[in-house]
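> Okay, predicted coordinates and the sequence, questions at the end:
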Amino acid sequence: MQIIRKKGIFMQLIGSRKLTWGICGIGILLAIVSVLFLPQIIPVHFTNGIADDFGNKVEIFLFPILLLIITFLTGKESIKYFLTHSTFLTDIQYNLMIDSVLGIVLIAESYVIYASFA
């Protein structure tokens, strides 16, 4: 008797890097929409939750640029091969690690947008 295991939809998203590109797309859309409503000066650095450095609202696009750089570089086979074979990560673990990093960048982008209005 053969047991057939079906992958869940979440595992299919992680395995195909669709989740990675989805997170990247959300970050880009968030920056485009928020730049229309942000004040001219936004906080860009925080110490103990208090803004201590400010910049122009165009700097919100640094987050999507960082998301794109991470997404493109981690999609290269040479980098993927190095990370999966030197640390014995599976493809799903590798993609989940990359998605976690992108999620942290997306949370930071959201916090800067939130702090701009507070």
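Perfect, I can see it now.

> Now the residue nearest in space to the middle of the chain: which helix or strand?
By Cα atoms, centre = their mean, the chain has its centre lying nearest to residue 102, at 2.1 Å. If you go by DSSP states H and E, residue 102 is part of helix 91-117.

> again, but for residue 72
Element membership for residue 72 (DSSP H and E) is helix 62-75.

> what helices or strands is the following helix or strand past that helix leaning on?
Downstream of helix 62-75, the first helix or strand assigned by DSSP H and E is helix 77-86. The contact analysis (3 or more Cβ pairs under 8 Å, 6 or more residues apart in numbering; DSSP states H and E) places helix 77-86 against helix 91-117. (C-beta placed from N, C-alpha, C; glycine too.)

> quick one: contacts for the closest residue to residue 26 other than its chain neighbours?
For residue 26, ignoring the flanking residues on the chain, the nearest one in space by Cβ to Cβ, 6 or more residues apart in numbering is residue 106 at 6.5 Å. Residues near residue 106 by Cβ atoms under 8 Å, 6 or more residues apart in numbering: 23, 26, 27, 30, 63, 67.

> now the one helix or strand the third one maps to against helix 91-117, angle please.
The reference is to residue 27. For residue 27, the host element (DSSP H and E) is helix 18-35. Computed by axes from the mean of the first three to the mean of the last three Cα atoms, to 10 degrees, the angle separating helix 18-35 from helix 91-117 equals 10 degrees.

> what packs against helix 18-35?
Helix 18-35 packs on helix 9-16, helix 62-75, helix 91-117, going by 3+ Cβ pairs under 8 Å, 6+ apart.

> In that helix, which residues are buried?
By neighbour count on 16 or more other Cβ atoms under 10 Å, the buried set for helix 18-35 is 19, 20, 23, 24, 26, 27, 28, 30, 31, 34.

> Tell me what angle the lowest-mean-pLDDT helix or strand in the chain forms with helix 18-35.
Of all helical and strand segments in the chain, the minimum by mean pLDDT, DSSP states H and E falls on helix 9-16, at a mean of 73. On the basis of the same axes, to 10 degrees, helix 9-16 is oriented at 90 degrees to helix 18-35.
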